[in-house]
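Asker: Requesting a structural model of the entry that follows:
(one chain, ligands or ions: 1)
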Amino acid sequence: MRISGRARGGTGAFPTGGDPTGERAGTGWQGHRRPSLQLPQDRAEECASFEETSPGQCFVVIAQVMAEGELPAVLILDIGGTHGILEDIAALLKKHFHLITMKEFLGNKEEMRKKIQSVYVFECRPTIDRELLESLPNLKVIANSGVGVDHLDLKMISSFGVKVTNTPHAVADPTADIGMALMLASARRLVEGCHIALSPGTKYFAVDWLGVEVTRATLGIIGMGSIGYKVAQRARAFNMRILYHNRNRRRKEEEEAVGAHYCAKMEDLLQQSDFVMLVVNLTPETHKLIGKKELGLMKPTATLINISRGAVIDQDALVEALQNKVIRAAALDVTYPEPLPRDHPLLHLNNIIITPHIGTATVHATRMMAEEAIANMLAVLNDQPIPSEVFPK
Ligand SMILES: O=CC(=O)O
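Answerer: Numbers count the residues shown, from 1 in each chain. Presented below is the predicted three-dimensional model:
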């Protein structure tokens, strides 16, 4: 099995003894083409380097295995050598499942695969392919840790009768916090300021690089789901004027509670906002939602913040807009791909902040996501109402 994953939040993800080619002898898969959990090449390479530097630091996927007369067993592709929050999560899982290592899984492939009923996608973005699904005949649920499931082919998974779940509740607050953090950091040029303060002997002439204010500025939120709404709640405390654009208008009471004004046309929001924050799901409709035309509608003093998915922005158009000062700045927690290759022009601009997809990278959120995913898995396996099921469109 090819398993590779990049943990969000800076924890390396690669199974101990992981074999990115799937060809290594002694894993129990000889004679079979292994089902694969594949990441784009750049990520797989990154994972390979994680393997060298921090083997077994993080597990990637957990598959549940029913074992007779005991707690249902959970296969952890690598639990060996985990620390901190991961041990914490393992402890949570142990309350409901019996944990099995990847090595055990591979060594008992026939037996194990038949028993697997759920897969837990933890802190990474592997693509679960048809081949893997074909090799797990009794799989019932793929429980995604995180809200975005754009890395999963929902229609294909559903054609196997497998359900997909996510964790929308755990992610909302920390992701909204990152949106605010990026907005404030970009507005007040915190990263540049930090570099100056950390450079010995540099004189403090902030007047050369004045920032802009968030307080009382206009914030345009594109995508007012639960994360977008949490952003609006926070922005209200900064006395911001809040505009939003959404497929469905929120209820009047909800708008009033945060003082948000609905823009039926995204263009109106783009033209009026000092900060535009993207909080939409990545779907075929939102792919490259913000391109040259949309950037051209924004104020030259405006900042674009993205906490959704990289592909929501046409990155080539963004590079051009930042280079030509069509907009003031951008602050991105997500890019396409992740990470960006070293020579990507976005990495060589001075009016950008990029963070490595850390919207949910907190101790609390990681634990909450695990709890939410466990509740989803148990609900599916016990044939109960599923708290957060994601349906193919
Ligand atoms: O990216 C984070 C998530 O999908 O929850």
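Asker: and stretch 328-346, how far apart are its ends?
Answerer: With C-alpha to C-alpha, to the nearest Å applied, stretch 328-346 spans 14 Å between its terminal residues.
Asker: How far does that stretch sit from its chain's centre?
Answerer: Remark: stretch 328-346 is offset 15 Å from the chain centroid, using C-alpha atoms, centre = their mean, to the nearest Å.
Asker: Now for E213: which residues touch it?
Answerer: Contacts for E213 (C-beta atoms under 8 Å, 6 or more residues apart in numbering) come out as A187. C-beta here means a position set from N, CA and C on the backbone, and glycine is covered the same way.
Asker: From V279, how far out is it?
Answerer: From E213 across to V279, the span is 22 Å (C-beta to C-beta, to the nearest Å).
Asker: Same question for T202.
Answerer: Distance of T202 to V279, given as C-beta to C-beta: 36 Å.
Asker: Looking only at neighbour counts, state which of those two leads.
Answerer: V279 (26 against 10; other C-beta atoms under 10 Å).
Asker: ok, which residues in the protein are in contact with the ligand?
Answerer: Within reach of the ligand by C-beta under 6 Å from any ligand atom, the chain has these residues: 146-148, 171, 359-360.
Asker: any chance of the residues you listed in TSV, with pLDDT too?
Answerer: Listed next are the residues of the chain next to the ligand as TSV, based on pLDDT from 0 to 100:
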residue	pLDDT
G146	91
V147	94
G148	93
V171	97
G359	96
T360	94
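Asker: Now list the buried members of these.
Answerer: With burial judged by 16 or more other C-beta atoms under 10 Å, the buried subset of the residues of the chain next to the ligand is 146-148, 171, 359-360.
Asker: nearest residue to the residue in the stretch 201-350 of the chain positioned nearest to the ligand other than its sequence neighbours?
Answerer: With C-beta to the nearest ligand atom, the shortest gap between the stretch 201-350 of the chain and the ligand falls at V334, namely 7.1 Å. Leaving aside its sequence neighbours, V334 sits nearest to G310 (C-beta to C-beta, 6 or more residues apart in numbering; 4.5 Å).
Asker: D333 is in contact with the one you found, correct?
Answerer: No - taking contacts as C-beta atoms under 8 Å, G310 lies outside contact range of D333: 9.2 Å.
Asker: which one of the two has more residues nearby?
Answerer: Neighbour count, other C-beta under 10 Å: between G310 and D333, D333 has more, with 26 against 18.
Asker: The more buried one and I178 touch, don't they?
Answerer: Yes - in this structure, D333 is within contact of I178 by C-beta under 8 Å, at 5.5 Å.
Asker: between those two, what contacts are shared?
Answerer: Contact criterion C-beta under 8 Å, 6+ apart; residues bridging D333 and I178 by contacting each: 307, 355, 358-359.
Asker: Nearest to I290, out of those residues: which one, please.
Answerer: I307 (13.2 Å; C-beta to C-beta).
Asker: Now the closest one: closest residue in space that isn't a chain neighbour?
Answerer: Per C-beta to C-beta, 6+ apart, closest to I307 is G179, 4.5 Å.
Asker: ok, now which ones touch that neighbour?
Answerer: Going by C-beta under 8 Å, 6+ apart, G179 touches 227, 231, 277, 279, 305, 307, 333, 359.
Asker: Assign the residue of the stretch 151-300 of the chain found nearest the ligand to helix, strand or coil.
Answerer: Among all residues of the stretch 151-300 of the chain, V171 sits closest to the ligand, at 4.1 Å; criterion: C-beta to the nearest ligand atom. Three-state call for V171 (DSSP: H, G, I helix; E, B strand; the rest coil): helix.
Asker: residue boundaries of the helices in the stretch 251-393 of the chain?
Answerer: According to DSSP state H, counting those that start in this stretch, the stretch 251-393 of the chain carries its helices in the segments 252-258, 266-272, 292-297, 315-323, 363-381.
Asker: Now do the second one, average pLDDT.
Answerer: Along helix 266-272, the predicted local confidence has a mean pLDDT of 98.
Asker: Which other helices and strands does that helix contact?
Answerer: In terms of contacts (3 or more C-beta pairs under 8 Å, 6 or more residues apart in numbering; DSSP states H and E), helix 266-272 is packed against strand 218-222, strand 241-245, helix 292-297.
Asker: what's stretch 325-333 in contact with?
Answerer: With C-beta under 8 Å, 6+ apart, stretch 325-333 has contacts from 178-179, 182-183, 185-186, 212, 295-296, 298-307, 310, 313, 318, 320-322, 346, 351-359.
Asker: Just the buried residues of those.
Answerer: Buried among these by 16+ other C-beta under 10 Å: 178-179, 182-183, 185-186, 212, 295, 298-299, 302-307, 310, 313, 318, 321-322, 346, 351-355, 357-359.
Asker: What about these, which are in strands?
Answerer: If you go by DSSP state E, those have 303-306, 352-354 in strands.
Asker: Take these and write them to TSV, including distance to E110 and pLDDT.
Answerer: Output for these, formatted as TSV (distance: C-beta to C-beta, whole Å; pLDDT from 0 to 100):
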residue	distance to E110	pLDDT
T303	55	98
L304	51	99
I305	50	99
N306	45	98
I352	51	98
I353	50	97
I354	45	98
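Asker: As TSV, the residues you listed with distance to I242 would be great.
Answerer: Output for these, formatted as TSV (distance: C-beta to C-beta, whole Å):
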residue	distance to I242
T303	15
L304	16
I305	14
N306	18
I352	24
I353	22
I354	25
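Asker: Stretch 383-393: which residues count as buried?
Answerer: Within stretch 383-393, the residues scored as buried using 16+ other C-beta under 10 Å are 386-388, 390.
Asker: Which two of these have the greatest separation?
Answerer: The largest separation in these, counting by C-beta to C-beta, is between P387 and V390 at 11.4 Å.
Asker: Cheers, nothing more for now.
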